[in-house]
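Asker: need coordinates for the below:
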Amino acid sequence: MPTVASEVGIDLGLTHYVVLSDGTKVTAPKFLRRTAHKLKRLQQSLSRKSPGSNRRKKAVIKVAKAHAKVADTRRDWQHKLSTTIIRDNQAVYVEDLCIAGLGRTWLAKSVHDAGWASFTAMLEYKAARYGRVFARVDRFLPSTRMCSDCGRVGDKMALNVRAWQCPCGSHHDRDVNAARNVLAAGQADNSNDRGAQVRPGLVRAPRDETVTSLSAVRSTRSSEAIAVPQNGEDVNGRNPCGTSDHRTRTCDAGGVGSTS
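Answerer: The predicted model follows:
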């Protein structure tokens, strides 16, 4: 693909599948919900079939084909959209969402229907194939409530709040503002990667300050003096007759001792 000058940030959503930093919005197709009635009817028909019967086997195949058709339709649509985005932009930045965590919330069905993971994977490998830049922005970036003009971070907003006003005077569409913040954060990270090393490298400690290997630890331990019990001495500092005080005790051959 030819090199282009534009870069884009993407905000993923459920009502609008993707919102680009240039203001473009793509409505979520919701393939699973569009066929939910048909899938429910096929599933009910399957449940009425006797286990082990030929009719049940045919019903299982029908349900599987219906789900496969939904998945194929979604995959084809995602391929077309991801190819368009990669073709029109030299760099693409998306937010690193915790999709597994969102899949355990009340939005689980809609999240699974969206298929964000497969879509971002398409963007990533197509960017590598066609010489584009693809990067994920930190998921903890307050992209929705941070003003893309002044950088002020506001309070948390409910999902039904689709637009808000910043004290600086800027009026923001919730999703477009988030996409712009994703673009700015991605460009900042990308410029840091191209420039000098931001995080300092590892510094080797002097030998007299630390032990750098397991063999050195072993040699240090082995060089320490270890008290070895002598003849007639117990490991706890007791003499053979069982006394631990400073009195002298002599033992006879039978083990009976006298104190002096």
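Asker: alpha carbons only for contacts and neighbour counts from here, please
Answerer: OK.
Asker: roughly how far apart are the residue sitting nearest the centre point of the chain and I86?
Answerer: Ranked by distance to the mean C-alpha position of the chain (Cα atoms, centre = their mean), the top residue is C98 at 6.0 Å. Look at C98 and I86: by Cα to Cα, to the nearest Å, they are 23 Å apart.
Asker: and A108, by the same measure?
Answerer: Distance, A108 to I86, by Cα to Cα: 28 Å.
Asker: neighbour-wise, which of these two wins?
Answerer: Neighbours of A108 and I86, each counted by other Cα atoms under 10 Å, are more numerous for I86; the result is 25 against 15.
Asker: so what's that one closest to, chain neighbours aside?
Answerer: Once flanking residues are discounted, I86 sits nearest to A127: 6.3 Å by Cα to Cα, 6 or more residues apart in numbering.
Asker: next one: Q43
Answerer: Spatially, and ignoring its direct neighbours in sequence, Q43 is nearest to V63 (6.6 Å; Cα to Cα, 6+ apart).
Asker: what does R132 give?
Answerer: R132 sits nearest to Q90 (Cα to Cα, 6+ apart), 5.2 Å away.
Asker: looking at it, that neighbour is touching G9, isn't it?
Answerer: No - applying Cα atoms under 8 Å, one finds Q90 not in contact with G9, separated by 11.3 Å.
Asker: of those two, who's got more company?
Answerer: Per other Cα under 10 Å, whichever of Q90 and G9 has more neighbours is G9, with 30 against 21.
Asker: identify the residues contacting the more buried one.
Answerer: Contact analysis of G9 by Cα atoms under 8 Å, 6 or more residues apart in numbering lists 20-21, 92-94, 179-184, 186.
Asker: repeat that for 10 Å
Answerer: G9 sits next to 18-22, 89, 91-95, 135-137, 176, 178-187 when contact means Cα atoms under 10 Å, 6 or more residues apart in numbering.
Asker: same question, I10
Answerer: Taking Cα under 10 Å, 6+ apart, we find I10 in contact with 17-22, 24-25, 85, 92-95, 175-176, 178-183.
Asker: hang on, it in a helix?
Answerer: No - the assignment for I10, made by DSSP: H, G, I helix; E, B strand; the rest coil, is strand rather than a helix.
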